[in-house]
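A.B. asks: Generate coordinates for the sequence data below:
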Amino acid sequence: MTHAKGTEPHSHDALERELKSQIEETLKDLPYSVPIYLFTEAGQNEGYNEAARKIIRAFRNFSSKIELKEFGLDHESARQYEISRSPTILFDPEHVSIRWYGAPVGEEGRTFLEAILLLGARNSMMTAQSREIMAKIQDRRSVRVFLSPTCPYCPQQAVNAVKSAIESPEFVSVELVDIQSNPDLAEEYAAYSVPQTYANQVLIAQGAQSEELFALSLQTLEEQTLFIPDSDAEQVDADLVIVGAGPAGLTAGIYAERSGLQTVVVERGALGGQVSTTPVVENYVGFTQVGGKVLVDIMVTHALQYVRIFKGEEVIDVLPGPPLEVLTTRRKFNTKAVLLATGATHRRLGVPGEDRLSGRGVSYCSTCDGPLFQGKEVIVAGGGNSALTEALHLKHIGVDVTVVHRRDTFRAQEHLTRNLVENRIPVLWNKEIQEIRGDRKVEDILLLDNRTGERSTVKTDGIFVAIGYEPEVALAKKIGVELTPEGYIKRDEHHRTSIPGIYSAGDVEGGYKQIVTAAGQGAEAALSIFEDLIDPYWLRNSRLSSAS
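C.D. replies: Numbering: from 1, shown residues only. Okay, the predicted model is just below:
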């Protein structure tokens, strides 16, 4: 699987120096001081205590506006603020109510930095539409967001919560909960999939949301999935709008901009798509082995040198032109062409209990949720590359794993099968999951032996579903793009769909589910779009028809 052309990895020391320089530059002009209180107790989460201490002190060295005070849990301040967990980070308690149970390690380092910037500006930086929604909240909202340092989606939702507390300090209080350092709270709320967000003890979101959807969910105290912008929403003009920021979309953006097309990328979820939650990517050209999130960071950094990326926006419709109008949950884009690089989503088992216990022991991402199951027993459902990769990752982080597969042989690559055997991961062959059971969380699964017809029950703390992917074609179907009998977007050799001006690339087209393939298709599509916009094939065909 390959990495974007022209990017070479820096040495670790050079990257560290560059990162420190960027942070220092970012923090140097904070308008206001940011008091941070760190509460710790010796012997309680000692590793997290030390990590929090080191990280906050490091940030303090970057800016004199960051003020750190450290207290024990027996200090008067701990009683004043009702703090009993170690470590707990309290941010600027004179102005806002934001506390963090845990340490800002891993992915959450981004959350910590953004929180400091917002608090140092004393400005939520929310959009006008989000502020209008927040202004409707006139009673208390106690927000609790469950996070994990290994989850690439969590910072988006955590920052949404921080922004809400800064925007409405008189009504909104926020607790950010690291599930790895606070497993008892995760257990209490059955928060086995992150991010999960509660407000006033009500679950208002599973997964990351756009800022407006978060505000709307907070206002209504129930999860919202669609936000329609006001009629005076901002408009953006472009030559090409790419829907999806996976390998295909990011690569297409780079090639389109380098061809001279003004290009934007719109992504509703995590940048990088499925790659961002893949524990390990093997044999992407230039990397024998690389973490999925690391590879995504490299790709996104490269793409940002060329294209504008609009993250946290969902495309809700594409209207015919010219120009084509792309309507998102935030704004309208006027464009000459649209590239659908919407990828694929995790296929579901479709059995009783799956939806009800999703996020309560049912998971589709071992990178995000695996650490909470350390020392526990889980099932991995599937028999392909993704299933075995998930199983091996869980085994290596200390989870007791059993694979359940409905066939008697794997469909995975040989080296993955060999690694599974070498790691002594048991397999239940010819078994189909009939039901996932439990009250507030997963407790056991009902299995059917498809050879004998016998049913059996297996106790488990969780189930990771890895049975492949379904093409994400909801938008394509809505706008009338023709699909193949298998449900993928139908396109020609130039990635043209059945609608002039709309193209496709990547997993949404079917074929080999490989990062390198998706990236190559993105490059092909971008070059085709460039050539077609110079001499539109739909006008050329019209001229030929007229001539005949």
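
A.B. asks: Span of stretch 79-95 from start to end?
C.D. replies: For stretch 79-95, the first-to-last residue distance is 19 Å (C-alpha to C-alpha, to the nearest Å).

A.B. asks: And for stretch 156-176?
C.D. replies: Stretch 156-176 has an end-to-end distance of 12 Å (criterion: C-alpha to C-alpha).

A.B. asks: Quick check: buried residues in that stretch?
C.D. replies: Within stretch 156-176, the residues scored as buried using 16 or more other C-beta atoms under 10 Å are 156-169, 171-176. (Glycine included, C-beta is placed from N, CA and C.)

A.B. asks: Take those residues and keep only those in helices.
C.D. replies: 156-167 (DSSP state H).

A.B. asks: which outside residues touch the one helix or strand residue 56 maps to?
C.D. replies: Following DSSP states H and E, one finds residue 56 within helix 46-62. With contacts defined as C-beta atoms under 8 Å, 6 or more residues apart in numbering, helix 46-62 is touched by 20, 23-24, 27-28, 36, 38, 40-42, 66-68, 70, 86-87, 89, 102-105, 109, 112-113, 116, 178, 181.

A.B. asks: So which of these belong to helices?
C.D. replies: Those of those lying in helices (DSSP H): 20, 23-24, 27, 109, 112-113, 116.

A.B. asks: out of those residues, which is most surrounded?
C.D. replies: Ranked by neighbour count (other C-beta atoms under 10 Å), the ones in helices among the contacts of helix 46-62 have residue 116 at the top, with 26 neighbours.

A.B. asks: Report the contact partners of that one.
C.D. replies: 27, 30, 34, 59, 66.

A.B. asks: would you turn the residues you listed into CSV with distance to residue 360 and pLDDT?
C.D. replies: Formatted as CSV, the contacts of residue 116 follow (distance: C-beta to C-beta, whole Å; pLDDT from 0 to 100):
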residue, distance to residue 360, pLDDT
27, 39, 78
30, 40, 88
34, 36, 95
59, 35, 89
66, 38, 93
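
A.B. asks: out of those, what pair is the most spread apart?
C.D. replies: The span of the contacts of residue 116, defined through C-beta to C-beta, is set by 30 and 59 at 11.1 Å.

A.B. asks: Give the residues shared as contacts by these two.
C.D. replies: Common contacts of residue 30 and residue 59 (C-beta under 8 Å, 6+ apart): 66, 116.

A.B. asks: Strands of the stretch 301-450 of the chain, start to end?
C.D. replies: Assigned by DSSP state E, counting those that start in this stretch, the stretch 301-450 of the chain shows strands spanning 308-311, 315-319, 324-328, 332-340, 344-346, 362-363, 377-381, 400-404, 427-428, 431-437, 444-449.

A.B. asks: before we move on, back to that, mind putting the ones in helices among the contacts of helix 46-62 in CSV, distance to residue 353 included?
C.D. replies: Compiled in CSV, these are given as follows (distance: C-beta to C-beta, whole Å):
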residue, distance to residue 353
20, 48
23, 45
24, 50
27, 47
109, 36
112, 37
113, 39
116, 42
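
A.B. asks: Minimum pLDDT in the residues you listed, which residue is that?
C.D. replies: Among the ones in helices among the contacts of helix 46-62, residue 20 carries the weakest pLDDT, at 67.

A.B. asks: What is the neighbour count of residue 539?
C.D. replies: If you count neighbours by other C-beta under 10 Å, residue 539 ends up with 11.

A.B. asks: Now it: which helix or strand?
C.D. replies: Short version, using DSSP H and E: residue 539 is in helix 537-547.

A.B. asks: Now residue 72: closest residue in space, sequence neighbours ignored.
C.D. replies: residue 41 (6.2 Å; C-beta to C-beta, 6 or more residues apart in numbering).

A.B. asks: ok, back up a step: most packed of the strands of the stretch 301-450 of the chain?
C.D. replies: strand 362-363 (a mean of 26; mean count of other C-beta atoms under 10 Å).

A.B. asks: Touching that one from outside, list them.
C.D. replies: 192-193, 353-354, 369-370, 436, 442, 462-465.

A.B. asks: starting at the chain centroid, how far to it?
C.D. replies: With C-alpha atoms, centre = their mean, to the nearest Å as the basis, strand 362-363 stands 15 Å off its chain's centre.

A.B. asks: average pLDDT for it?
C.D. replies: So the average pLDDT for strand 362-363 ends up being 92.

A.B. asks: cool, stretch 486-495 as well?
C.D. replies: In the prediction, stretch 486-495 has an average pLDDT of 94.

A.B. asks: got it, and stretch 412-431?
C.D. replies: The average of the pLDDT scores along stretch 412-431 is 95.

A.B. asks: cool, and stretch 193-213?
C.D. replies: Here stretch 193-213 scores 93 as its mean pLDDT.

A.B. asks: and if you look at stretch 128-143?
C.D. replies: On average, stretch 128-143 scores 95.

A.B. asks: What of stretch 221-238?
C.D. replies: 72.

A.B. asks: before we move on, what about stretch 80-99?
C.D. replies: For stretch 80-99, mean pLDDT is 97.

A.B. asks: Can you list the buried residues in that stretch?
C.D. replies: For stretch 80-99, by 16+ other C-beta under 10 Å, it's 81, 83, 85-92, 96-99.

A.B. asks: Next, the contact list for residue 86, please.
C.D. replies: With C-beta under 8 Å, 6+ apart, residue 86 has these contacts: 39-41, 44-45, 48-49, 73.

A.B. asks: Which segments of this structure make up each domain?
C.D. replies: Split into domains by automatic domain parsing, the chain comes to 31-220, 235-345+476-547, 362-467.

A.B. asks: Lowest average confidence across those, which one?
C.D. replies: Among the domains of the chain, domain 235-345+476-547 carries the lowest mean pLDDT, a mean of 89.

A.B. asks: Report the contact partners of the residue nearest to residue 72.
C.D. replies: Under the criterion of C-beta under 8 Å, 6+ apart, the neighbours of residue 41 are 49, 72-73, 86.

A.B. asks: Would you reformat the residues you listed as JSON lines and include distance to residue 303?
C.D. replies: What follows is those, written out as JSON lines (distance: C-beta to C-beta, whole Å):
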{"residue": "49", "distance to residue 303": "38"}
{"residue": "72", "distance to residue 303": "46"}
{"residue": "73", "distance to residue 303": "45"}
{"residue": "86", "distance to residue 303": "40"}
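
A.B. asks: Any chance of the buried residues of stretch 80-99 in JSON lines with distance to residue 316 as columns?
C.D. replies: Below are those laid out as JSON lines (distance: C-beta to C-beta, whole Å):
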{"residue": "81", "distance to residue 316": "43"}
{"residue": "83", "distance to residue 316": "43"}
{"residue": "85", "distance to residue 316": "41"}
{"residue": "86", "distance to residue 316": "45"}
{"residue": "87", "distance to residue 316": "42"}
{"residue": "88", "distance to residue 316": "40"}
{"residue": "89", "distance to residue 316": "38"}
{"residue": "90", "distance to residue 316": "39"}
{"residue": "91", "distance to residue 316": "35"}
{"residue": "92", "distance to residue 316": "37"}
{"residue": "96", "distance to residue 316": "33"}
{"residue": "97", "distance to residue 316": "34"}
{"residue": "98", "distance to residue 316": "32"}
{"residue": "99", "distance to residue 316": "36"}
